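1. my questions are about this predicted structure, shown below with the sequence.
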Amino acid sequence: MNHDLETATLAGGCFWCLEAVFELLEGVEKVESGYTGGNTLNPSYGPVCSGTTGHAEAVRITFDPAAISFRELLEVFFTIHDPTTLNRQGNDVGSQYRSAIFTHSPEQKMMAEEVVGGIPSAVTEIAPAGIFYLAEDDHQEYFRSHTDQPYCRFVVTPKVAKLREKFKTRLKSGSA
């Protein structure tokens, strides 16, 4: 087991989209959907979706920096969501869908600031990682189990296709 794994926490719309994309990347060991950046203890899906908890739907990515860098994760992140729309990704509207990078180290903060600074009109929040609450079990690996669900077909599938096209050399074997 590699003991040099790192964590990245990213929010950019629905966590089903982010999880479906990041779990395909070589060097990513685990992706968990959850909630972070809010002010309510032990939030759940309903209250988070109502926008009253202050949390963002996010993913916690455990990755091997020897196989994929934090910068590469950010490159994928900014390819699959729109960092220029405040509290919105497509039809998903509200602060729970904001673009955010929750950093786990000073190095991640510097890298996030550098990358976001290079994107004109970016509204991506950069904040220290706080408590990450795992989403309910039925939200974990959602896309894998619900590929025919309309939201997955019309929103998640195009993001996965975009990843496969633009980052085909970065995919885990069998994910192309």
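-> Done, it's in. All of these numbers come straight from a predicted model, not from anything done at the bench.
2. next, residue 77: secondary structure please.
-> helix (DSSP: H, G, I helix; E, B strand; the rest coil).
3. need the strands for the chain, in chain order.
-> In the chain, the strands defined using DSSP state E lie at 6-12, 28-36, 56-63, 88-89, 92-93, 99-103, 125-128, 133-134.
4. mind putting the ones you listed in CSV, mean neighbour count included?
-> To be clear about C-beta, it is placed using only N, CA and C from the backbone, and glycine gets the same treatment. Shown next, in CSV, are the strands of the chain (neighbours: other C-beta atoms under 10 Å):
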stretch, mean neighbour count
strand 6-12, 24
strand 28-36, 21
strand 56-63, 24
strand 88-89, 20
strand 92-93, 15
strand 99-103, 24
strand 125-128, 16
strand 133-134, 16
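5. figure out which of those is closest to residue 168.
-> Of all the strands of the chain, strand 28-36 sits nearest to residue 168, with 15.3 Å by C-beta to C-beta.
6. could you export the closest one as PDB, CA atoms only?
-> Output of strand 28-36 as PDB, limited to C-alpha atoms (Å, rounded to 0.1, in the frame of the first residue of the first chain):
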ATOM      1  CA  VAL A  28      -7.000   8.100  -8.300                       C
ATOM      2  CA  GLU A  29      -7.400   5.600  -5.600                       C
ATOM      3  CA  LYS A  30     -10.900   6.600  -4.300                       C
ATOM      4  CA  VAL A  31     -13.600   9.200  -4.900                       C
ATOM      5  CA  GLU A  32     -16.300   9.900  -2.300                       C
ATOM      6  CA  SER A  33     -19.300  12.100  -2.700                       C
ATOM      7  CA  GLY A  34     -20.200  14.400   0.200                       C
ATOM      8  CA  TYR A  35     -20.800  17.800   1.600                       C
ATOM      9  CA  THR A  36     -18.400  20.400   2.800                       C
END
